[in-house]
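Peer 1: Pasted the sequence and its predicted model underneath.
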Amino acid sequence: MNQAYLFVHFKEKETPDGEQVYFGLSQDGFHWEETNGGAPVLTSTIGEQGVRDFTILRKEDGTYCILATDLSLARNFKTKYKESWDEVGKNGSKSLILWQSVDLIHWSKPQAISFVDESFGCVWAPDIIKDEKTGEYIIHWSSSHSSNHYGSKKIYGTRTRDFEHFTPPFILFERDEIGIIDSAMYQENGSYYLFVKSEANPESIMLLQSDSVTGPFTPIPAFSEEMKKLEQGQYEAPTAFRTEDGRWCLFLDFYGTVKEKQGYIPFVSDDIHTGRFIRSDESFFFPYGFKHGTVLTLTNQEYERLKKAYL
């Protein structure tokens, strides 16, 4: 095998140590191992002192960054947010937490970055994709906004080259009167594929396609048909990667159950363009329930370095 995989995620726990940075490692993308003796690899000591909903990026210069939602429900849900998700959405952190590294082992201290004004609600679930035409990175996320009284969330984007300077936010994808969250975008053969969670009609995951990184995006009907086979309102946080043999693996975070059974459910497609992803539980192994994260494809050298440090 010429590649391996790193899964950056958190754990569903009621204690603050769950909302930190965990690494999972795999040589084939199907069988996953825990790392660091089951302890977090990175811990946020700033903002809410808890992080969720990770994305990881290998930048053009060969360095790496992890970006996360600045949110600790274990610390703040019952107190600061009065056990209200609406309160989190409106008054949660407007910053994201950033770590950077040259080798995936030694990481910078956590840094808060922000590119929104006070009209935005909480900045949720970032993802990053490179605009091949401009060389910029597009960070996209979901937020509510004062323009609709902090109602239905939309997917917003900002452009950056250095993760220090950011363009004003723009709307990347929205649906009239329907909340959209948890965006993840991938490029394949000149097309861009956007996974999102729709909060109604359907209350499920959608897959959309565009010839441009900023849209407009068109739903892929075959994917929606596959998603109808699942119980609605039980899945979120899509993340995907291409396996070494050219197939696409999609993980959906199954949250509609007791905490002990929460975690990612796998689906496999021979061709992302078709939208046909087949549920494939028996082909995968997770040591525990990975929660809302992103997979980074590794070289063998990167895998061996991580294995030496964390396994």
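Peer 2: That came through, no problem.
Peer 1: Name all residues that make contact with residue 173.
Peer 2: 154-155, 180, 183, 194, 196, 208, 215, 217 (CB atoms under 8 Å, 6 or more residues apart in numbering). (Each C-beta comes from the backbone N, C-alpha and C, glycine too.)
Peer 1: how about 7 Å then?
Peer 2: Applying CB atoms under 7 Å, 6 or more residues apart in numbering to residue 173 gives the contacts 155, 180, 183, 194, 196, 215, 217.
Peer 1: and if you look at residue 112?
Peer 2: By CB under 7 Å, 6+ apart, the residues touching residue 112 are 46-47, 70, 95, 97.
Peer 1: pLDDT score for the residue lying closest to residue 178 once chain neighbours are set aside?
Peer 2: Closest residue to residue 178 apart from its sequence neighbours, by CB to CB, 6 or more residues apart in numbering: residue 200 at 5.0 Å. Residue 200 carries a pLDDT value of 95.
Peer 1: Residue 259 too?
Peer 2: 86.
Peer 1: For residue 262, report the pLDDT, please.
Peer 2: Residue 262 is given a pLDDT of 92.
Peer 1: residues making contact with the longest helix anywhere in the chain?
Peer 2: Ranked by residue count and defined by DSSP state H, the top helix of the chain is helix 300-310. Helix 300-310 has contacts (CB under 7 Å, 6+ apart) with 2, 4, 6, 23, 25, 27, 35-36, 41, 103-105.
Peer 1: go again using 10 Å as the cut-off
Peer 2: For helix 300-310, contacts defined as CB atoms under 10 Å, 6 or more residues apart in numbering pick out 1-6, 23-27, 33-37, 39, 41, 58, 64, 103-106, 296-299, 311.
Peer 1: Check which residues of it are buried.
Peer 2: Judged by neighbour count using 16 or more other CB atoms under 10 Å, the buried positions of helix 300-310 are 302-303, 306, 310.
Peer 1: Would you mind giving those residues as JSON lines with distance to residue 257 and pLDDT added?
Peer 2: JSON lines is the format used below for the buried residues of helix 300-310 (distance: CB to CB, whole Å; pLDDT from 0 to 100):
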{"residue": "302", "distance to residue 257": "34", "pLDDT": "98"}
{"residue": "303", "distance to residue 257": "32", "pLDDT": "98"}
{"residue": "306", "distance to residue 257": "30", "pLDDT": "98"}
{"residue": "310", "distance to residue 257": "29", "pLDDT": "96"}
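Peer 1: my read: residue 123 touches residue 157, true?
Peer 2: No. Contact criterion CB atoms under 10 Å: residue 123 and residue 157 do not qualify, at 11.8 Å.
Peer 1: okay, and the common contacts of those two?
Peer 2: Contact criterion CB under 10 Å, 6+ apart; residues shared by residue 123 and residue 157: 115, 139, 141, 169.
Peer 1: which ones among these are found in helices?
Peer 2: Per DSSP H, the shared contacts of residue 123 and residue 157 never map to helices.
Peer 1: Would you map the strands across the stretch 101-250 of the chain?
Peer 2: Under the criterion DSSP state E, counting those that start in this stretch, strands of the stretch 101-250 of the chain are mapped to 111-113, 124-130, 137-143, 154-160, 170-173, 180-188, 191-198, 205-210, 218-219, 235-242, 248-254.
Peer 1: Kindly reformat the contacts of residue 112 as TSV and extend each row with pLDDT and neighbour count.
Peer 2: Converted to TSV, these look like this (pLDDT from 0 to 100; neighbours: other CB atoms under 10 Å):
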residue	pLDDT	neighbour count
46	98	13
47	98	18
70	98	27
95	98	19
97	98	28
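Peer 1: out of those, which one sits closest to residue 245?
Peer 2: residue 97 (34.8 Å; CB to CB).
Peer 1: looking at this, the closest one is in a strand?
Peer 2: Yes. Read with DSSP: H, G, I helix; E, B strand; the rest coil, residue 97 is one of the residues of a strand.
Peer 1: what bridges to it?
Peer 2: On the basis of DSSP bridges, residue 97 is bridged to residue 68, residue 112.
Peer 1: ok, it to residue 114 distance?
Peer 2: 11 Å (CB to CB, to the nearest Å).
Peer 1: Please apply the same query to residue 138.
Peer 2: Distance, residue 138 to residue 114, using CB to CB: 16 Å.
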